Each structure stands twice: as structure tokens, then as C-alpha cells.
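Q: dropping a prediction and its sequence here:
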Amino acid sequence: MQIPHTTAGQSKLRRVAIDTTTYHNNVRTIWQLHDTGNAQGKLGQLQADIHALESHEQQSQGDLRSHIQEILLGDQLLATHIVRDQRQFKRAYSHANEAVRVAKSMQDNDLIATALFTRGWTCLEWGLFGSMQQGVFQVQQEKIRAAIDDFGATLKVFPVQDDMHPQLRGCLTMYMARAQAALALSRGERIPASLLLALDNVADTVGKQNIDDVYTRALVTGTRKSWHQAGYLSTRAIAFNTAGLPGQALKELNALESLMEKTYRKDDTRQFAWLDILRGNIYMGLGEFGEATARARRALLACQDINSITNIAIISDIYGRLLTSSYKTASDVRELGAILRKSAASVMMPEEEPRS
């Protein structure tokens, strides 16, 4: 971007334009780091960049302001993902809320949809994983309702659904179904058949308009991963298991097995750990407690390596339910508990609710 510096004001704008290169490089690098492992050590840098970009946002206008806002939006989305993985849901919500603000200021429907989806995703995880009693998660219905509201608002951004990026539409439909199923079960209600049928209606979005660059993908679809067949099957498994259908969830994961090697890199620790956690939860629903314990243990060791606090908390919930099962005295359950006790004590406690 060439800006003549014939005046002091133009010179200042030029310096800001040059400075954005560093911010742009930082957000791309940290996205890659988060994608493959542990980016928590870069949060300080990310937070400093956010503060600087917010200052530049207020002082700039036109194309330069739009460029700054795009990087700022990427930073806020990235910060949401990183701190949500740390089970800091209030902080993650704050970053997601700022992403919504920036996107609306840019008046870009694609970015608005991504930001709203990200905020809804954060509310969903807050509602599912934010509160524990006696080592077991307690659903927070108000957070789930907030997630459903944000997912609904995302759909309204594009009155014609085909105008939304197909991969975002596919993910959004799955997450909406998961949220609605979780809320219905927490109320003791039946799962509507239409909710489960919706999972089939987005099969045609798989692999459409792929975006290879992780940073651009996150801006456009709200996710780190491409919406491929393996991702579709694992997300279906999550939704079915949330709906209390572990048998169907296991079928989805079994169908995924043949795709693993060609879909995921060997160093994709976060993804493999999550799939083990998912299998552990499914086996709990099927009463196969030995398999559930084995999967939970393997996932726990991986999650400790990448310091994924939210996932460790999910494993803690599995352990808490094992302690109320007929399998509670098994040696592998005791071993799982011993490994968990070496994790951060804060993982075992519910996150404090914000004061009104």
C-alpha cells in the first residue's frame, strides 16, 4: 500500500500501514501454533496487538481502517479460541463479543456471520462445560439459550441460505442441533425428529469452497479445520451423543476410522485427543466403562501436553461419572484419577459466575 507522505498526517498513516505487517504476521503465526498444539504462551503478544490495533482503529479511516479492523477481528477470534480452550469462558465471550462489534462496524456479512457463530459456540461450551458439581458437569440453560440465539442471528445474516459460505452453514447447523438437543435433554424433553434430520440436510456442504489458509478459513468459516467428510462425521457423532443416542454416534465415528490417516496430520494432537474424548463419552453412554476409561486416559496425557484445560475438564467429568458407575473400583479408574489429580486444581472446580 503506497501512501505519499507530503504531510504529517499522511506520514503517520503510512507508518501505521507499515506497522500492520507485524500484526498480520503475528496473527497468522499464532493461528498456526494453536492449530498444531499450544498457543497460550503467545496470549501476551496477542493481547498487546489487540490493544494497539484498537488504538489504530480509532485513529484511522477508509481502506486503512478496514485493513486494521480485519486484523483486529482475526486477533479477537483467535483469542476466543485460545482462552476458551483454557476454560476461561467469560474472557472468551468478551473477545467474541468484540469480534461481533468489529465485524458489524465493517458491515461485512461474511465476517458478521463468523463472529456471531463464534460467540454462540463460546456460549454453548460455557453452558456445557462451565459448571461442575461433585466432579460432573451441570448444564447452564441460560448459556445454551444464548448460544441458540446467536446461532439463530447468524442464520438471519443471510436471508438466502445459499449466500452463506457452505462450510459455515454446515457447521452452524450442526452446532445449533447440538445446542437444541442439550437444552431439551436438560429440561427432560424429547428430542424432536426434525432436529436430527437437520444433520442430514447439510451433507452437501462438505468439502465445498475449501479454504487452504488457516487464517482466512477462520475469518470466513469460524473454524480452524476444513469442513471435510471426517469433520462432518465427527460433528454428527457429537450431536447424536448429545441427543442421548450413543449407538448412532458410535456408528458415525466408526465410519470416520477409514478417513483418519488421509485427513489428519500425525502431529495433530488436539484433534486426536478430542476424538478420544468423544469416544470416551460415547462408551460411557453405552456402558462400556473399560473402553471409556482407556480413551479418557489416552486423551488426558495428550491434553496435558498441550495444556488444554477445557478438554481436561471434560475428561474429569468422565471420571466423575465413572465414580458413580459399577466400574468405579477398577484399577484403571483409580489410575485415571491419579493422573487427573496431577493436573491443575482449577480444572476440577466450576468457573466462577460473573457478578451481576
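A: Yep, it's here.
Q: strands of this structure, start to end?
A: Along the chain, the segments classed as strands by DSSP state E run 132-133, 136-137.
Q: for Leu33, see how far away Gln86 is.
A: Note on Gln86: its distance to Leu33, by CB to CB, to the nearest Å, is 15 Å. To be clear about C-beta, it is placed using only N, CA and C from the backbone, and glycine gets the same treatment.
Q: meant to ask about Glu98
A: 21 Å.
Q: more crowded one of those two?
A: Glu98 (21 against 16; other CB atoms under 10 Å).
Q: now do the contacts for the more buried one.
A: Listed by CB atoms under 8 Å, 6 or more residues apart in numbering, the contact partners of Glu98 are Gln76.
Q: where in this protein is pLDDT low?
A: 1-18, 344-356 (pLDDT under 70).
Q: per-domain residue ranges of it.
A: 12-107, 109-263, 269-342 (automatic domain parsing).
Q: what about the longest one, start to end distance?
A: Spelled out, that is domain 109-263. 30 Å (CA to CA, to the nearest Å).
Q: same check, this time on the last one
A: End-to-end distance of domain 269-342 (CA to CA): 20 Å.
Q: tell me how far it lies from the chain's centre.
A: Offset of domain 269-342 from its chain centre (CA atoms, centre = their mean, to the nearest Å): 20 Å.
Q: likewise for the first one?
A: Counting by CA atoms, centre = their mean, domain 12-107 is centred 17 Å from the centre of its parent chain.
Q: quick check: phi and psi on Lys208?
A: Lys208 adopts backbone torsions of phi -80, psi 140, taken as degrees, to the nearest 10.
Q: show me the contacts for it.
A: Per CB under 8 Å, 6+ apart, neighbours of Lys208: 166-167, 227.
Q: please report how far it lies from Met164.
A: In terms of CB to CB, Lys208 sits 11 Å off from Met164.
Q: got it, and Leu172?
A: 8 Å.
Q: quick one, which of the two is more surrounded?
A: Shown here are Leu172 and Met164; by other CB under 10 Å, Leu172 has more neighbours (28 against 23).
Q: now do the contacts for the closest residue in space to Asp268 that isn't next to it in sequence.
A: The shortest distance from Asp268 to any non-neighbouring residue, by CB to CB, 6 or more residues apart in numbering, is to Thr36 (7.0 Å). Contacts for Thr36 (CB under 8 Å, 6+ apart) come out as 265, 267-270.
Q: of those, closest to Leu64?
A: Arg270 (35.3 Å; CB to CB).
Q: doesn't Asp305 make contact with that closest one?
A: No - applying CB atoms under 8 Å, one finds Arg270 not in contact with Asp305, separated by 10.0 Å.
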